[in-house]
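Q: just need the structure, nothing else, for what follows:
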Amino acid sequence: MFNHAPVNYVCPICLAIEGIESDQTWIKQADIFYRDELVCGFIGSKSVEGNECHPLIVPIKHIENIYDFPEDIGGRMLEVAKKVAVGLKQTRNADGITLMQNNEPAGDQHAFHFHLHVFPRFNNDSFHEELWKAQRSEPEERIKFAEELKSIF
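A: The predicted model follows:
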């Protein structure tokens, strides 16, 4: 329902979940910090200055957006997001957390696989100004952050 992925869409998130590293996905296997039968967590490849290398939680099953989202996976995603949020408070001394999930191109969805951003927030950060300037981060920059979150599971 309300899908926008083009015919023959190669999902970069599915590729990463399948263990594939290629030019079709920026996600590296070292970015993955959690995986179970329903969800996967990894460090995002786009970095927001001041809130660098934030985690994302995704369903293992390919689901494009909230409209197609099965309710039985939602609870598990929020459990993992909560654990990640607490982990960000501990490992990065975050003052707060912002959860963000985008749907459809008009809602700023770029990868057509449901994904929940978990942003560490800091008092007086410039998150809203910097969010739209996000740049691709290098894989070696993300490893440290994935390792920190692996330690909480």
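Q: the longest helix belonging to the chain: what's the following helix or strand?
A: Using DSSP state H, we find that the single longest helix of the chain is helix 71-91. Using DSSP states H and E, the next helix or strand after helix 71-91 towards the C-terminus is strand 96-100.
Q: helices or strands up against that next one?
A: helix 71-91, strand 116-121 (3 or more C-beta pairs under 8 Å, 6 or more residues apart in numbering; DSSP states H and E). All C-beta spots, glycine's among them, are computed from the backbone N, C-alpha and C.
Q: so which of the ones you listed gets nearest Glu104?
A: strand 116-121 (15.7 Å; C-beta to C-beta).
Q: what lies in contact with that closest one?
A: For strand 116-121, contacts defined as C-beta atoms under 8 Å, 6 or more residues apart in numbering pick out 44, 48, 51, 54-58, 77, 81, 84-85, 88, 92, 94-101, 127.
Q: now the angle from the longest helix of the chain to strand 96-100?
A: Angle of helix 71-91 versus strand 96-100, following axes from the mean of the first three to the mean of the last three C-alpha atoms, to 10 degrees, is 150 degrees.
Q: can you tell me which helices and strands helix 71-91 packs against?
A: Secondary-structure packing of helix 71-91 (3+ C-beta pairs under 8 Å, 6+ apart): strand 39-43, strand 55-59, strand 96-100, strand 116-121, helix 139-150.
Q: now do the buried residues in stretch 63-70.
A: Neighbour counts using 16 or more other C-beta atoms under 10 Å place Ile63, Glu64, Asn65, Ile66, Phe69 of stretch 63-70 among the buried residues.
Q: just list whatever residues bridge to the spatially most central residue of the chain.
A: Centroid check for the chain by C-alpha atoms, centre = their mean gives Leu56 as the closest residue, at 1.7 Å. Beta bridges link Leu56 to Phe42, His117, judged by DSSP bridges.
Q: got the contact list for it?
A: Gly41, Phe42, Ile43, Gly44, His115, Leu116, His117, Val118.
Q: model confidence for the fourth one, exactly?
A: For Gly44, the pLDDT comes out at 95.
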